[in-house]
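[1] after the sequence you'll find the predicted model.
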Amino acid sequence: TYMDTADEAVRATCDDATICKRFATSKGYWKDPYIQYFARSVGERKAPEINRGYYARVKGVNHLLDAFIRNSECNCQVINLGAGLDTTFWRLKDENLLPKKFFEVDFPTVVARKIHNIKTKPPLSKHLIETHSTDSLILDTQSLDSDRYCIIGADLRDISALDEKLKKFHLNPDLPTVLLSECVLVYMTPSQSSNLLRWAAEIFHTAMFINYEQKERFLKTGWEHADALDMMTVYSMLPQDDVARMECLEFLDEKELLQQLLQHYNICWASKDKLNLGNSAVCK
Ligand code: SAM
(Lines give C-alpha, C1' and ligand atoms only; values in the text may rest on other atoms or scores of the structure.)
Protein backbone atom coordinates (compact mmCIF):
# COMPACT_ATOMS: atom_id res chain seq x y z
CA THR A 1 0.00 0.00 0.00
CA TYR A 2 0.94 3.65 -0.28
CA MET A 3 1.41 3.98 3.50
CA ASP A 4 3.76 0.99 3.67
CA THR A 5 5.89 2.48 0.90
CA ALA A 6 5.92 5.85 2.64
CA ASP A 7 6.97 4.26 5.96
CA GLU A 8 9.66 2.25 4.19
CA ALA A 9 11.12 5.49 2.79
CA VAL A 10 11.10 6.97 6.32
CA ARG A 11 12.89 3.91 7.74
CA ALA A 12 15.56 4.24 5.05
CA THR A 13 16.47 7.72 6.35
CA CYS A 14 18.35 6.12 9.24
CA ASP A 15 20.96 4.95 6.72
CA ASP A 16 21.32 8.45 5.25
CA ALA A 17 22.07 9.90 8.68
CA THR A 18 24.56 7.12 9.51
CA ILE A 19 26.35 7.32 6.15
CA CYS A 20 26.77 11.11 6.45
CA LYS A 21 28.03 10.78 10.03
CA ARG A 22 30.42 7.99 9.05
CA PHE A 23 31.84 10.11 6.23
CA ALA A 24 32.30 13.20 8.44
CA THR A 25 33.99 11.18 11.19
CA SER A 26 36.30 9.56 8.63
CA LYS A 27 37.45 13.10 7.76
CA GLY A 28 38.05 13.91 11.44
CA TYR A 29 35.11 16.27 12.06
CA TRP A 30 34.48 14.53 15.38
CA LYS A 31 35.29 11.11 16.83
CA ASP A 32 32.94 8.15 16.72
CA PRO A 33 34.72 4.80 16.91
CA TYR A 34 31.39 2.89 16.81
CA ILE A 35 29.68 4.24 13.71
CA GLN A 36 31.79 1.98 11.45
CA TYR A 37 29.80 -0.99 12.79
CA PHE A 38 26.55 0.47 11.47
CA ALA A 39 27.61 1.74 8.04
CA ARG A 40 29.52 -0.76 5.96
CA SER A 41 31.70 1.67 4.05
CA VAL A 42 32.73 5.30 4.20
CA GLY A 43 30.74 5.95 1.04
CA GLU A 44 30.81 8.78 -1.43
CA ARG A 45 32.36 12.10 -0.62
CA LYS A 46 29.97 14.62 0.94
CA ALA A 47 30.22 18.36 0.39
CA PRO A 48 32.08 20.28 3.14
CA GLU A 49 28.96 22.26 4.07
CA ILE A 50 27.10 18.99 4.70
CA ASN A 51 29.92 17.79 6.95
CA ARG A 52 29.98 21.09 8.83
CA GLY A 53 26.22 20.94 9.21
CA TYR A 54 26.46 17.47 10.76
CA TYR A 55 29.27 18.68 13.00
CA ALA A 56 27.07 21.49 14.37
CA ARG A 57 24.11 19.10 14.76
CA VAL A 58 26.07 16.46 16.66
CA LYS A 59 27.94 18.95 18.86
CA GLY A 60 24.82 21.02 19.59
CA VAL A 61 22.64 18.04 20.52
CA ASN A 62 25.42 16.43 22.58
CA HIS A 63 25.94 19.67 24.48
CA LEU A 64 22.32 19.77 25.68
CA LEU A 65 22.15 16.04 26.36
CA ASP A 66 25.40 15.94 28.34
CA ALA A 67 24.46 19.04 30.34
CA PHE A 68 21.20 17.42 31.46
CA ILE A 69 22.95 14.16 32.40
CA ARG A 70 25.63 16.05 34.37
CA ASN A 71 23.00 18.17 36.13
CA SER A 72 21.31 15.03 37.40
CA GLU A 73 24.66 13.35 38.18
CA CYS A 74 23.65 10.49 35.85
CA ASN A 75 20.60 9.80 38.00
CA CYS A 76 18.31 10.09 34.98
CA GLN A 77 16.94 8.35 31.89
CA VAL A 78 17.42 9.09 28.22
CA ILE A 79 14.82 8.16 25.60
CA ASN A 80 16.04 8.52 22.03
CA LEU A 81 12.93 8.58 19.83
CA GLY A 82 13.55 7.46 16.24
CA ALA A 83 17.12 6.62 17.25
CA GLY A 84 17.94 4.76 14.05
CA LEU A 85 21.52 3.49 14.18
CA ASP A 86 22.67 6.24 16.57
CA THR A 87 25.76 5.43 18.70
CA THR A 88 25.20 7.76 21.68
CA PHE A 89 24.88 4.88 24.18
CA TRP A 90 28.51 3.86 23.53
CA ARG A 91 29.80 7.44 23.61
CA LEU A 92 28.18 8.03 27.01
CA LYS A 93 29.62 4.76 28.34
CA ASP A 94 33.11 5.80 27.21
CA GLU A 95 32.71 9.26 28.73
CA ASN A 96 31.41 7.95 32.06
CA LEU A 97 28.11 9.72 31.46
CA LEU A 98 25.80 6.74 31.22
CA PRO A 99 22.33 7.48 32.63
CA LYS A 100 20.52 4.94 34.81
CA LYS A 101 18.90 3.64 31.67
CA PHE A 102 19.20 4.55 28.01
CA PHE A 103 16.12 3.77 25.89
CA GLU A 104 15.83 3.84 22.13
CA VAL A 105 12.69 3.53 20.02
CA ASP A 106 12.39 3.00 16.29
CA PHE A 107 10.35 0.94 13.83
CA PRO A 108 10.69 -2.84 14.48
CA THR A 109 12.60 -3.48 11.22
CA VAL A 110 15.18 -0.79 12.05
CA VAL A 111 15.48 -2.16 15.60
CA ALA A 112 15.99 -5.70 14.25
CA ARG A 113 18.89 -4.50 12.11
CA LYS A 114 20.47 -2.61 14.98
CA ILE A 115 20.18 -5.57 17.35
CA HIS A 116 21.72 -7.84 14.72
CA ASN A 117 24.73 -5.51 14.48
CA ILE A 118 25.10 -5.36 18.25
CA LYS A 119 24.93 -9.15 18.55
CA THR A 120 27.54 -9.76 15.86
CA LYS A 121 30.05 -6.98 16.65
CA PRO A 122 32.00 -7.59 19.88
CA PRO A 123 33.06 -3.92 20.33
CA LEU A 124 29.33 -3.12 20.56
CA SER A 125 28.16 -6.08 22.65
CA LYS A 126 31.11 -5.76 25.05
CA HIS A 127 29.77 -2.50 26.53
CA LEU A 128 26.34 -3.97 26.89
CA ILE A 129 27.61 -6.97 28.81
CA GLU A 130 29.90 -4.79 30.95
CA THR A 131 27.02 -2.61 32.09
CA HIS A 132 24.76 -5.56 32.84
CA SER A 133 24.87 -7.27 36.22
CA THR A 134 21.73 -9.36 36.59
CA ASP A 135 20.64 -12.45 34.65
CA SER A 136 17.67 -10.75 33.03
CA LEU A 137 19.18 -9.86 29.65
CA ILE A 138 16.58 -9.93 26.88
CA LEU A 139 17.99 -10.07 23.40
CA ASP A 140 15.68 -11.13 20.62
CA THR A 141 15.03 -9.70 17.16
CA GLN A 142 12.29 -7.35 18.38
CA SER A 143 13.86 -5.89 21.46
CA LEU A 144 16.91 -5.65 23.62
CA ASP A 145 16.72 -5.08 27.35
CA SER A 146 19.71 -4.93 29.66
CA ASP A 147 20.24 -3.05 32.95
CA ARG A 148 21.38 0.15 31.24
CA TYR A 149 20.35 -0.11 27.59
CA CYS A 150 17.00 -0.91 26.07
CA ILE A 151 15.94 -0.88 22.42
CA ILE A 152 12.23 -1.06 21.60
CA GLY A 153 10.52 -1.61 18.25
CA ALA A 154 7.43 0.62 18.16
CA ASP A 155 5.62 3.17 16.01
CA LEU A 156 5.89 6.62 17.59
CA ARG A 157 2.48 7.49 16.13
CA ASP A 158 0.83 4.88 18.36
CA ILE A 159 1.18 6.47 21.79
CA SER A 160 -0.63 3.85 23.86
CA ALA A 161 1.50 1.00 22.47
CA LEU A 162 4.64 3.11 22.98
CA ASP A 163 3.70 3.89 26.57
CA GLU A 164 2.91 0.24 27.28
CA LYS A 165 6.22 -1.01 25.84
CA LEU A 166 8.34 1.56 27.68
CA LYS A 167 6.63 0.63 30.97
CA LYS A 168 7.12 -3.07 30.27
CA PHE A 169 10.85 -2.36 30.06
CA HIS A 170 10.82 -0.45 33.37
CA LEU A 171 10.69 3.16 32.33
CA ASN A 172 10.54 5.16 35.56
CA PRO A 173 8.35 8.29 35.23
CA ASP A 174 9.79 9.67 38.47
CA LEU A 175 13.38 9.91 37.21
CA PRO A 176 14.56 13.09 35.47
CA THR A 177 14.31 12.23 31.77
CA VAL A 178 15.75 13.55 28.52
CA LEU A 179 13.77 12.81 25.38
CA LEU A 180 15.65 13.25 22.15
CA SER A 181 14.34 13.36 18.61
CA GLU A 182 16.83 14.08 15.87
CA CYS A 183 15.17 14.53 12.48
CA VAL A 184 12.18 12.38 13.42
CA LEU A 185 9.09 14.52 14.11
CA VAL A 186 9.28 15.90 10.58
CA TYR A 187 8.09 12.49 9.31
CA MET A 188 4.84 12.76 11.26
CA THR A 189 1.81 14.97 10.88
CA PRO A 190 1.67 17.97 13.25
CA SER A 191 -1.08 16.28 15.26
CA GLN A 192 0.91 13.03 15.60
CA SER A 193 4.01 14.87 16.79
CA SER A 194 2.07 17.04 19.23
CA ASN A 195 0.43 13.90 20.67
CA LEU A 196 3.93 12.57 21.33
CA LEU A 197 5.07 15.84 22.93
CA ARG A 198 1.90 16.01 25.05
CA TRP A 199 2.33 12.41 26.22
CA ALA A 200 5.91 13.17 27.29
CA ALA A 201 4.86 16.35 29.11
CA GLU A 202 2.17 14.41 30.96
CA ILE A 203 4.13 11.44 32.23
CA PHE A 204 7.35 13.13 33.40
CA HIS A 205 7.53 15.90 36.02
CA THR A 206 11.22 16.68 35.43
CA ALA A 207 12.26 16.36 31.81
CA MET A 208 13.77 17.97 28.79
CA PHE A 209 12.78 17.35 25.17
CA ILE A 210 15.54 18.04 22.62
CA ASN A 211 14.42 18.25 19.01
CA TYR A 212 16.66 18.80 16.01
CA GLU A 213 14.75 19.66 12.87
CA GLN A 214 14.07 21.97 10.03
CA LYS A 215 12.70 25.24 11.27
CA GLU A 216 9.09 24.97 12.31
CA ARG A 217 6.97 26.16 15.17
CA PHE A 218 7.65 24.26 18.36
CA LEU A 219 4.30 23.29 19.75
CA LYS A 220 3.85 24.00 23.40
CA THR A 221 2.03 20.94 24.53
CA GLY A 222 2.19 21.10 28.30
CA TRP A 223 5.87 22.00 28.59
CA GLU A 224 6.78 24.82 30.99
CA HIS A 225 9.62 26.27 29.01
CA ALA A 226 10.59 26.10 25.35
CA ASP A 227 13.44 27.64 23.42
CA ALA A 228 14.94 27.36 19.95
CA LEU A 229 18.16 28.41 18.28
CA ASP A 230 18.85 28.25 14.58
CA MET A 231 21.94 26.24 13.68
CA MET A 232 23.85 29.32 12.52
CA THR A 233 23.59 30.64 16.08
CA VAL A 234 24.47 27.22 17.54
CA TYR A 235 27.51 27.12 15.25
CA SER A 236 28.71 30.47 16.60
CA MET A 237 28.22 29.30 20.21
CA LEU A 238 30.21 26.05 19.94
CA PRO A 239 33.72 25.99 21.45
CA GLN A 240 35.59 28.10 18.89
CA ASP A 241 38.96 26.35 19.20
CA ASP A 242 37.39 23.10 18.02
CA VAL A 243 35.41 24.94 15.34
CA ALA A 244 38.69 26.45 14.08
CA ARG A 245 40.30 22.98 14.00
CA MET A 246 37.28 21.56 12.17
CA GLU A 247 37.17 24.41 9.63
CA CYS A 248 40.76 23.60 8.59
CA LEU A 249 39.83 20.03 7.62
CA GLU A 250 38.30 20.91 4.28
CA PHE A 251 38.32 24.11 2.32
CA LEU A 252 34.89 25.70 1.97
CA ASP A 253 34.56 27.99 -0.97
CA GLU A 254 31.02 29.21 -0.51
CA LYS A 255 30.58 30.36 3.09
CA GLU A 256 27.10 31.65 2.19
CA LEU A 257 25.97 28.16 1.25
CA LEU A 258 26.78 26.92 4.75
CA GLN A 259 24.96 29.88 6.30
CA GLN A 260 21.87 29.26 4.21
CA LEU A 261 21.92 25.59 5.10
CA LEU A 262 22.36 26.18 8.83
CA GLN A 263 19.63 28.81 8.93
CA HIS A 264 17.10 26.22 7.76
CA TYR A 265 17.60 24.02 10.79
CA ASN A 266 17.31 24.52 14.50
CA ILE A 267 17.58 22.88 17.86
CA CYS A 268 14.55 23.30 20.08
CA TRP A 269 14.35 22.19 23.64
CA ALA A 270 11.49 22.20 26.07
CA SER A 271 11.64 21.44 29.75
CA LYS A 272 9.71 20.76 32.93
CA ASP A 273 11.63 21.08 36.14
CA LYS A 274 9.77 20.05 39.26
CA LEU A 275 13.01 18.87 40.88
CA ASN A 276 14.67 22.22 40.16
CA LEU A 277 17.70 20.80 38.42
CA GLY A 278 18.04 23.98 36.36
CA ASN A 279 17.32 22.16 33.11
CA SER A 280 16.04 25.19 31.22
CA ALA A 281 19.36 26.94 31.79
CA VAL A 282 21.64 24.21 30.43
CA CYS A 283 22.19 26.09 27.18
CA LYS A 284 23.19 29.37 28.79
N1 SAM B 1 17.86 10.04 15.08
C2 SAM B 1 18.75 9.29 14.21
C3 SAM B 1 19.94 10.14 13.82
O4 SAM B 1 19.87 11.36 13.93
O5 SAM B 1 20.96 9.57 13.40
C6 SAM B 1 18.02 8.80 12.95
C7 SAM B 1 17.41 9.88 12.11
S8 SAM B 1 16.54 9.28 10.68
C9 SAM B 1 16.54 10.73 9.70
C10 SAM B 1 14.83 9.18 11.24
C11 SAM B 1 14.53 7.94 12.09
O12 SAM B 1 13.24 8.07 12.68
C13 SAM B 1 14.53 6.65 11.28
O14 SAM B 1 15.33 5.68 11.91
C15 SAM B 1 13.05 6.26 11.26
O16 SAM B 1 12.86 4.86 11.17
C17 SAM B 1 12.56 6.84 12.59
N18 SAM B 1 11.11 7.10 12.61
C19 SAM B 1 10.44 8.01 11.86
N20 SAM B 1 9.11 7.92 12.11
C21 SAM B 1 8.95 6.95 13.05
C22 SAM B 1 7.82 6.39 13.69
N23 SAM B 1 6.58 6.80 13.42
N24 SAM B 1 8.02 5.41 14.60
C25 SAM B 1 9.28 4.96 14.87
N26 SAM B 1 10.38 5.46 14.29
C27 SAM B 1 10.23 6.43 13.37
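    Received it, and whenever you're ready, just let me know what you need. Numbers count the residues shown, from 1 in each chain.

[2] F103 looks like it's in a helix, true?
    No. Under DSSP: H, G, I helix; E, B strand; the rest coil, F103 falls outside any helix and is assigned strand.

[3] what's near enough to touch I115?
    Taking Cβ atoms under 8 Å, 6 or more residues apart in numbering as the criterion, I115 is in contact with L139, D140, T141, S143, L144, I151. For every residue, glycine as well, the C-beta is placed using N, CA and C.

[4] one more pass at 10 Å, please.
    Going by Cβ atoms under 10 Å, 6 or more residues apart in numbering, I115 touches L139, D140, T141, Q142, S143, L144, I151, G153.

[5] my guess is the fourth one meets C150, correct?
    What it means is Q142. No. Applying Cβ atoms under 10 Å, one finds Q142 not in contact with C150, separated by 12.0 Å.

[6] these two: who's more crowded?
    A side-by-side neighbour count of Q142 and C150, using other Cβ atoms under 10 Å, places C150 first with 24 against 14.

[7] list the contacts for that one?
    If you count contacts by Cβ under 10 Å, 6+ apart, then C150 has 77, 79, 89, 101-105, 138, 143-144, 165-166, 168-171 around it.

[8] what of Y29?
    Going by Cβ under 10 Å, 6+ apart, the list of residues near Y29 reads 21, 23, 48, 51-52, 54-56, 58-59, 242, 245-246, 249-250.

[9] what kind of secondary structure is it in?
    Under three-state DSSP, Y29 comes out as coil.

[10] one more: S236?
    helix.

[11] G60 is in contact with that one, correct?
    No. S236 lies out of contact with G60 (Cβ under 10 Å); the separation is 11.1 Å.

[12] need the overlap of contacts for those two.
    L229.

[13] which one's more surrounded, these two?
    Set S236 next to G60 and count neighbours by other Cβ under 10 Å: G60 wins out with 23 against 12.
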